[in-house]
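Student: what follows is a protein structure lacking sequence information:
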């Protein structure tokens, strides 16, 4: 997976496939509400394993049953294919 | 553990015993830097178990090897003995 800035067409295509994610500048953002902390942290544990696999990690904030995930590629200061891949895999976890 | 507002003396005593924590309004805050994400998330996993035990949960933000933990008792809008207990137990994990 390349660490390079997405072009406009790639960005549009990625967003079209990620309806629960919002683009805020160069950050892809997803807000989630779970039943309780246990459920929120269970998802976080699975995302942590994904992040280690991809060598790409989320910025995230959790408060009880709420989780905000923000993805960007810090060394580029931009969205890269890695962010899109991590977002897609998180969605797959949520749907699975 | 009571859900009640700490009085001034209790608050001062708690802070004296928690030198790595800062009081910001009614929030007890600790910033941590780990070697990498794996180490940060390992600590988070242990804190998550503590939080479930105490039925009291942190607000926290993680970005790679950085973790910010904020403790407050939301239903009081104030610090309570629960926040101090959770902070102490987190310190014990970090020292252990």
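Tutor: Structure's in. What do you need? Because the structure is predicted, anything quoted here is derived from the model rather than measured. Residues are numbered from 1 along each chain as shown, chains lettered A, B, ... in the order given.

Student: please make it C-alpha for all contacts and neighbour counts, starting now.
Tutor: Will do.

Student: let's verify the residue most central in space within chain A: helix, strand, or coil?
Tutor: Here the mean C-alpha position of chain A is nearest to the C-alpha of residue A:87 (CA atoms, centre = their mean), at a distance of 3.7 Å. Secondary structure, DSSP: H, G, I helix; E, B strand; the rest coil: residue A:87 is helix.

Student: now do it against residue A:81, distance only.
Tutor: Relative to residue A:81, residue A:87 is positioned 10 Å away (CA to CA, to the nearest Å).

Student: quick one: buried residues of the longest helix seen in chain A?
Tutor: In chain A, taking DSSP state H as the definition, the longest helix is helix A:37-54. Within helix A:37-54, the residues scored as buried using 16 or more other CA atoms under 10 Å in any protein chain shown are A:37-38, A:40-41, A:43-45, A:47-48, A:50-51.

Student: tell me the confidence at residue A:19?
Tutor: We have a pLDDT of 96 for residue A:19.

Student: no no, residue A:1
Tutor: In this model, residue A:1 carries a pLDDT of 68.

Student: the residue nearest to residue A:59 when sequence neighbours are not counted pairs with what?
Tutor: Sequence neighbours aside, residue B:63 is the residue nearest to residue A:59 in space, at 4.4 Å (criterion: CA to CA, 6 or more residues apart in numbering or on different chains). Under DSSP bridges, the beta-bridge partners of residue B:63 are residue A:59, residue B:66.

Student: residues of chain A that sit close to chain B?
Tutor: A:37-38, A:41, A:45, A:48, A:52, A:57-64 (CA under 8 Å from any CA of the partner chain).
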